[in-house]
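1. Structural data only, the sequence is not supplied:
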């Protein structure tokens, strides 16, 4: 790909809690925004794929529970495979890992583990993607997927976290299959708040899914789509103008198109940016190459998220700490990102006011 990120921002490194790559090696530079302050900030996570939170140990435990044969002999071998050339090489492993999910208890346990980690990272609102086609193609019923996930979310809500599900369509499959998936999920309409578009981006432009997004809109669902990760800025335009999405997931390549940047800034379109993911999938060489700071300075409503944290080197807290460190973000910039997440969340105004108050209290506490 060449040096830096496709947006043209240049060099440095970041880190994970337990590094797996030189691209995440710590550098001896302290950010003006300290880790203790970041850890105390209440966070909103708007871009996390629940299947991407399956840790290798969990994959092996569920495989044993369900009698599923895996292509890796042990946890260490599987973890060693977490070096990706691009998005597709990751997806191949991602779908293989998801094959262990068969029962409602499996989905509950996976989601409960993520929600516990998120709470420990200070997440107060989570909007969680799930990919039903990954499971229904293996004969797992839609009801099984949604029941298990809902049980975990209900328990987290009882513990004080605000959380909801967003159903994603796999863009490497046909729109007809997406429509069938939406209709199969509608009997469980109260269990999810929106739809999204994910999987292999290049060669699968958003406009291919115009009809299913229009149908979802008629059912009152929120609309989001992955665009401008590996795909060009044109995909972001299409997601906005054809699909009429309310948020762009990723969107880092938008920085290449000044007119698009102006549009996103003017309309305050939220961008659910995933820094660790962008490095691990070679969208950027290092965290310090990441365009997030440039995007923020251009007036874009960027947020920080973990994407598929079990595969990409860290959950949302680590993404916050190491991105702020690598880009030398100020306290004010970190607060702006946290506020962007609150304003971008699909919540009622009473909940939004509560989230704002929690952030203000954390800021006041220093």
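-> Ah, there it is. Predicted model only: the values in this text are computed from it and were never measured.

2. Now do the contacts for the residue lying closest to residue 303 once chain neighbours are set aside.
-> Nearest in space to residue 303, with sequence neighbours left out and distances taken as C-beta to C-beta, 6 or more residues apart in numbering, is residue 341 at 4.4 Å. C-beta here means a position set from N, CA and C on the backbone, and glycine is covered the same way. Residues near residue 341 by C-beta atoms under 8 Å, 6 or more residues apart in numbering: 43-46, 125, 303-304.

3. And the furthest pair within those residues?
-> Farthest pair in these (C-beta to C-beta) is 125 and 304. Separation: 13.5 Å.

4. of those two, who's got more company?
-> Each of residue 125 and residue 304 has its neighbours counted (other C-beta atoms under 10 Å); residue 304 has more, 29 against 25.

5. Ramachandran coordinates for that one?
-> phi -110, psi 130 (degrees, to the nearest 10).

6. rewinding a little: for the host helix or strand of the residue nearest to residue 303, what is the average pLDDT?
-> Element membership for residue 341, per DSSP states H and E: helix 331-344. For helix 331-344, mean pLDDT rounds to 98.

7. Report the buried residues of it.
-> Neighbour-count burial for helix 331-344 flags 331, 333-335, 337-342, 344 (criterion: 16 or more other C-beta atoms under 10 Å).

8. With stretch 55-66 instead?
-> Under the neighbour-count criterion of 16+ other C-beta under 10 Å, stretch 55-66 has 55-56, 58-60, 62-63 buried.

9. Looking at those residues, which are in helices?
-> Using DSSP state H, 56, 58-60, 62-63 are the members of the buried residues of stretch 55-66 that sit in helices.

10. Tabulate those residues (TSV), appending distance to residue 238 and pLDDT.
-> TSV is the format used below for those (distance: C-beta to C-beta, whole Å; pLDDT from 0 to 100):
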residue	distance to residue 238	pLDDT
56	36	94
58	36	95
59	35	95
60	40	96
62	37	97
63	39	96
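
11. ok, of those residues, which one's closest to residue 298?
-> residue 56 (38.1 Å).

12. Verify the stated contact: the closest one with residue 311.
-> No: using C-beta atoms under 8 Å, residue 56 is not in contact with residue 311, being 9.5 Å away.

13. Can I get the buried residues of stretch 55-66 in CSV including distance to residue 294?
-> Putting those into CSV (distance: C-beta to C-beta, whole Å) gives the following:
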residue, distance to residue 294
55, 33
56, 35
58, 36
59, 37
60, 41
62, 41
63, 43
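
14. List just the nearest of the residues you listed to residue 74.
-> Of all the buried residues of stretch 55-66, residue 74 sits closest to residue 60, with 7.6 Å by C-beta to C-beta.

15. Done for today, thanks.
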